[in-house]
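Participant: When you get a sec, could you give me coordinates for this:
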Amino acid sequence: MIYEELIKETALADDRLIVMTAENRALIRNLPAVLGPRFIDTGITEQTLIGAAAGLALRGRIPVVHALATFLTLRAFEFIRTDVGIGQLPVKISSFVPGFLSDGNGPTHQAIEDVALMRGIPGMTVFAPADEADMLGMLPQIWASPSPAYVRINTRPGTYQHAPFEMGKAEVVATGTDATILVYGMLFEQALIARELLEAQGKSVGLINMRTLKPVDEAALLQVVQAGGLVVTLEDHFQTGGLYSILAEVLLKNELTAKVLPIALNERWYKPGLLSEVLEYEGFTGQHIARRIAEKLGANPAAITTKTAVVENQFAE
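Facilitator: Numbering: from 1, shown residues only. This next block holds a predicted model:
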């Protein structure tokens with residue numbers, strides 16, 4: 001099963017579902033012949049795309065819209081906020097190449113503030129699957145929900161066997177006493193590597209897949225904090241407004257504090273290149289992550305030397 005097959009099967013089973021795009025057909029190129037008039041390409045017009053989707057949703061349809069993440073969340077933000085958000089319409093936003101998955105592109109095409117923007121809209125739900133299998137397990141519930149939704153599309157292969165998806169619940173991969181890594185999206189694979197490297201050094205490290213960012217699993221976050229140890233937020237997003245900010249909001253709401261290490265893009269965009277080059281240069285490989293955590297724990301970061309090759313992004317430009 002791949003993304004295109006899932007959306008095709010869903011659309012054929014439910015004639016309310018409309019597939020829409022702003023000339024981004026990489027994941028859905030075979031659907032026009034299958035869906036006919038229920039496949040709509042508005043051209044490079046993200047604002048029109050969202051406005052049309054809102055109109056269709058008002059008439060009982062379930063539009064699933066596709067475009068580059070940066071243009072959906074920036075160029076069409078007012079339309080998402082006003083047309084979709086105020087009306088609480090079930091428009092499902094599939095954002096293409098978010099975060100580091102836009103590896104070969106410069107700052108204009110880097111969606112690294114998208115989580116902050118989308119979660120700020122009342123009623124909008126926000127999701128960031130760890131890999132393709134995780135995403136395919138999540139999408140049926142997301143598309144069936146009456147709420148508007150923003151999904152960071154992630155078609156990267158993964159080897160981890162994910163637990164069944166539950167709306168608003170984090171996936172607890174492992175628990176630990178020295179540190180716990182909170183992560184979402186494509187960096188999950190690097191978090192797995194980092195945990196393995198740290199465990200090899202005798203550290204007890206937990207890992208949580210924060211695949212549903214809004215609604216967020218407050219109970220999971222509080223359990224990690226109350227257990228003690230270092231809390232690491234790992235994200236391919238600006239440090240402001242993403243998971244680090246979500247954790248801070250939950251802590252303040254519950255009158256708690258914690259020892260937190262944010263690993264994010266702090267007041268900067270990233271240097272484009274192949275995905276392996278981006279992760280290495282920006283310090284987001286499993287090895288780099290493990291070294292930063294080890295240093296924060298007072299261990300010797302130089303003891304962590306194993307490197308793991310990164311599978312390049314198939315959509316790199």
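
Participant: all strands of the stretch 51-200 of the chain, in order?
Facilitator: Using DSSP state E, counting those that start in this stretch, the strands of the stretch 51-200 of the chain run over residues 62-68, 92-96, 125-127, 149-152, 171-174, 179-183.

Participant: ok, and what's touching the last one?
Facilitator: Residues outside strand 179-183 that contact it (C-beta atoms under 8 Å, 6 or more residues apart in numbering): 130, 191, 194-195, 198, 203-210, 221, 224, 227, 229-235, 243, 247, 289, 293, 296-297. Yep, even glycine has a C-beta here, placed from its N, CA and C like the rest.

Participant: Give me the buried subset of those residues.
Facilitator: With burial judged by 16 or more other C-beta atoms under 10 Å, the buried subset of the contacts of strand 179-183 is 130, 191, 194-195, 198, 203, 205-210, 221, 224, 229-235, 243, 247, 289, 293, 297.

Participant: Looking at the residues you listed, which are in helices?
Facilitator: Those of the buried ones among the contacts of strand 179-183 mapping onto helices are Ala191, Ala194, Arg195, Leu198, Leu221, Val224, Leu243, Leu247, Ile289, Ile293, per DSSP state H.

Participant: Report the separation between the fifth one and Ala170.
Facilitator: Separation of Leu221 from Ala170 (C-beta to C-beta, to the nearest Å): 8 Å.

Participant: again with the last one
Facilitator: Counting by C-beta to C-beta, the gap between Ile293 and Ala170 amounts to 19 Å.

Participant: For the stretch 1-150 of the chain, which segments count as helices?
Facilitator: Applying DSSP state H, counting those that start in this stretch to the stretch 1-150 of the chain gives helices spanning 3-13, 32-35, 46-58, 69-70, 77-79, 114-119, 132-144.

Participant: what's the first one packed up against?
Facilitator: The one in question is helix 3-13. strand 17-21, helix 32-35, helix 132-144 (3 or more C-beta pairs under 8 Å, 6 or more residues apart in numbering; DSSP states H and E).

Participant: right, so those: which one is the most enclosed?
Facilitator: strand 17-21 (a mean of 22; mean count of other C-beta atoms under 10 Å).

Participant: what's the spacing between Val115 and Leu279?
Facilitator: Separation of Val115 from Leu279 (C-beta to C-beta) stands at 19 Å.

Participant: Of those two, which one has the most company?
Facilitator: Neighbour count, other C-beta atoms under 10 Å: between Val115 and Leu279, Val115 has more, with 30 against 24.

Participant: In this structure, where's the longest strand?
Facilitator: strand 230-238 (DSSP state E).

Participant: tell me the angle of it relative to strand 179-183?
Facilitator: 20 degrees (axes from the mean of the first three to the mean of the last three C-alpha atoms, to 10 degrees).

Participant: Tell me which strands strand 230-238 pairs with, and in which orientation.
Facilitator: Note on strand 230-238: by DSSP bridges, its sheet partners are strand 179-183 (parallel), strand 260-265 (parallel).
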